[in-house]
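Chemist: What follows is a protein structure lacking sequence information:
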């Protein structure tokens, strides 16, 4: 659905915006995080690349960015039914997701990974309703005379139960610790990813039919992309 670098002379413009929902870490229950940006893409280029299969490339670009900013320490392991972010080795699965779910429409592209389990997920949050989602929507309301069309891009995590927060008497300190470490890192990674979209540079899909972002069973690292 989006974003394939076609020409260097017409890069997109990116403007990070403050999401209406700010990050707040409670001592119990699920937590959420939302990062948003406006992306201005030349209209002729956007018409050329606004295809459902390009949503797959956007999905893969997110995992490539995660590996890139962590210098390859975090890798993404792909299977037909899951995506798992691991720390160096499969023996340290940080976050495991079910296979991505895609939604496409005339002015919308959305990919959702539902959280399954992982070392960063508390027991009560495993295989529940938590998810990571990237959503892109055409707004079509750019100022008159502007040759670019505005897109709204959102990266969000919902219904996530962080293991780091803990429970009981530790939960107050754990909530603060999670907010100052894991959550801050997540926000920085997502904002960096949103900024990177301005280059209109997405990796090609190795499947190309919204079946998966990469050949099943593959493993992606900073050196592999």
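Modeler: Cool, the structure landed. Nothing here was measured: the structure is a model prediction, and the numbers come from that model.
Chemist: from here on, contacts and neighbour counts on C-alpha atoms
Modeler: Noted.
Chemist: any weak-confidence spans in this protein?
Modeler: 1-10, 20-23, 141-145, 205-225 (pLDDT under 70).
Chemist: quick check: longest helix of it.
Modeler: helix 53-69 (DSSP state H).
Chemist: for that one, packing partners?
Modeler: strand 74-78, strand 108-117, helix 182-196 (3 or more Cα pairs under 8 Å, 6 or more residues apart in numbering; DSSP states H and E).
Chemist: got the angle between the longest one and helix 53-69?
Modeler: With axes from the mean of the first three to the mean of the last three Cα atoms, to 10 degrees defining the directions, helix 182-196 sits at 130 degrees from helix 53-69.
Chemist: Please identify the helix or strand for the closest residue to residue 13 other than its chain neighbours.
Modeler: Spatially, and ignoring its direct neighbours in sequence, residue 13 is nearest to residue 40 (5.0 Å; Cα to Cα, 6 or more residues apart in numbering). In the assignment (DSSP states H and E), residue 40 maps to strand 31-42.
Chemist: Just checking: what are the partner strands of that strand?
Modeler: Here strand 31-42 is paired, per DSSP bridges, with strand 13-17 (antiparallel), strand 148-160 (antiparallel).
Chemist: relative to strand 74-78, how tilted is the longest helix of the chain?
Modeler: 140 degrees.
Chemist: what comes up buried for helix 53-69?
Modeler: By 16 or more other Cα atoms under 10 Å, the buried positions in helix 53-69 come out as 53-68.
Chemist: Likewise for stretch 197-204?
Modeler: Buried residues in stretch 197-204 (16+ other Cα under 10 Å): 197-204.
Chemist: Now flag whichever of those is closest to residue 171.
Modeler: Distance to residue 171, by Cα to Cα, is smallest for residue 197 among those, at 36.5 Å.
Chemist: my guess is that closest one meets residue 16, correct?
Modeler: No. Counting by Cα atoms under 8 Å, residue 197 does not reach residue 16; the two are 11.3 Å apart.
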